[in-house]
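Novice: quick one: sequence plus predicted model below, questions after.
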Amino acid sequence: MESKFFRFLKIVGVGYKARAEAEGRLLFLKLGYSHDVELTVPPAVRVFCFKNNVVCCTGLDKQRVHQFAATVRSCKPPEVYKGKGIMYIDEVIKKKQGKKIKMMAEVHVAYLAQMYWQVYVIGIATSHLV
């Protein structure tokens with residue numbers, strides 16, 4: 001089969017893996033779920049895996065290749081906080097900042113103020129003894 005169209009997918013995440021079996025007719029994905037995700041490849045598409053984390057979808061029909069690549073990506077779309085998931089090779093994920101630890105900073109400042117106050121009070125109490 002001569003392939004004309006390609007679509008590469010990158011799998012990002014600890015323990016996330018892909019493997020192709022049955023001459024590119026079955027795709028098994030380990031994506032952090034309790035089970036492996038098994039996808040049957042359409043007849044006009046072939047799948048190859050490189051290095052457990054790069055999947056190549058190839059075929060003669062552009063629509064079918066891109067549709068299957070979108071199906072694979074929809075199994076675990078990339079998240080915006082850590083960037084984990086399945087994404088296209090040329091895709092750029094804009095990451096969000098996440099939560100700020102404002103409460104911990106306020107608690108830390110309050111703790112330092114309390115410690116300073118204790119040192120100040122102890123200093124006044126011991127100054128009368130000298």
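Specialist: The structure has been received and is ready for your questions. Residues are numbered from 1 along each chain as shown.

Novice: so what's the residue nearest the centre of the chain closest to, chain neighbours aside?
Specialist: Taking C-alpha atoms, centre = their mean, the centroid of the chain lies closest to K84, which sits 0.6 Å from it. Nearest residue to K84, sequence neighbours excluded (C-beta to C-beta, 6 or more residues apart in numbering): G13, at 3.9 Å. For every residue, glycine as well, the C-beta is placed using N, CA and C.

Novice: burial of G32, as a residue count?
Specialist: By other C-beta atoms under 10 Å, 12 other residues sit near G32.

Novice: and the host helix or strand of V55, what's buried?
Specialist: V55 is part of strand 54-59 when elements are defined by DSSP states H and E. Applying a neighbour-count criterion of 16 or more other C-beta atoms under 10 Å, one finds 55-59 buried in strand 54-59.

Novice: I'd assumed G85 was in contact with K76.
Specialist: Yes. Judged on C-beta atoms under 8 Å, K76 makes contact with G85 at a distance of 4.6 Å.

Novice: overlap in contacts, the two.
Specialist: G13 (C-beta atoms under 8 Å, 6 or more residues apart in numbering).

Novice: list the buried ones in the strand or helix carrying I86?
Specialist: I86 belongs to strand 85-88 when elements are defined using DSSP H and E. Neighbour-count burial for strand 85-88, with 16+ other C-beta under 10 Å as criterion, is recorded at 85-87.

Novice: other residues contacting stretch 19-29?
Specialist: Against stretch 19-29 from outside (C-beta under 8 Å, 6+ apart): 11, 16-18, 36-41, 46-49, 52, 55, 72, 75-76, 86.

Novice: now which of these would you call buried?
Specialist: 11, 16, 18, 39, 41, 46-47, 49, 55, 72, 76, 86.

Novice: right, I'll leave it there.
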